[in-house]
Structure formats: C-alpha cells, structure tokens
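Trainee: Sequence isn't available, so here's the structure alone:
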C-alpha cells in the first residue's frame, strides 16, 4: 500500500508552489470560502492519502477539518508557510486534548 497514495497541498499558491517540484498536487486557495469546497473534495477523493493544509487558510476552519478527519481516510496535516508558523497546530492540539481529557497538559 505504501507509495500508491497521492499527496495534495492546499493553500495560497505562493506558500505551496515549492511542494509542486516534488510531485505534490497543488490546490491554490486564498480564502476560507474556497477552502471548504477544495478541502472536502480532496480529503474525500479516492487515492488521496495526505492533505497538507496551509495554516494561513485553516484559521477558523477547525470544526470543518475535525469533521473531515473523521470522515476521510486521508491524513490532514497543517503546515506553516515560508513566513513561519502561526502556532495553529499547537492551538488545535491543545483544544483537542482539553476536549478529550478535560485538562490542558500542553501549556506551561
């Protein structure tokens, strides 16, 4: 099964363009309204195993991403842009942990 899946990168073209050079399919999205359609289509597409989602377009879409993670076989992973991390991944992990066990074990 390894090697037979597709990797897709969703986010602003300028942030994701470098990933295209290593064979990753690029889906340019610059705003939240286009994100729902593109992410749903790719996460549920047969053969897609990994979706790399730019933090810059994922902000405010935590519920949608959580729903797609439950319904999709693809791994949906947030990635920072070339400008650096917005710390969104850590915020989402902290929230998930609080919802799961009721305690914030990440913050200092």
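Mentor: Nice, thanks for sending it over. The structure displayed is predicted, hence computed values, not measured ones.

Trainee: need the strands for this protein, in chain order.
Mentor: 6-11, 25-28, 48-54, 75-79 (DSSP state E).

Trainee: Quick check: which of these is nearest to residue 19?
Mentor: strand 6-11 (4.5 Å; CB to CB). Every residue, glycine included, has its C-beta placed from N, CA and C.

Trainee: Over stretch 78-89, what's the mean pLDDT, rounded is fine.
Mentor: Across stretch 78-89, pLDDT averages out at 66.

Trainee: again, but for stretch 59-68
Mentor: Mean predicted lDDT for stretch 59-68 stands at 86.

Trainee: returning to that earlier point: out of the strands of the chain, which gets nearest to residue 62?
Mentor: Nearest of the strands of the chain (CB to CB): strand 75-79, 10.0 Å.

Trainee: now what about the closest one, what contacts it?
Mentor: 9, 11, 39, 43, 49-55, 58, 65, 68-69, 88-89, 92 (CB atoms under 8 Å, 6 or more residues apart in numbering).

Trainee: Pull out the buried residues from those residues.
Mentor: Buried residues within the contacts of strand 75-79, counting neighbours by 16 or more other CB atoms under 10 Å: 9, 11, 39, 43, 49, 51-55, 58, 65, 68, 88, 92.
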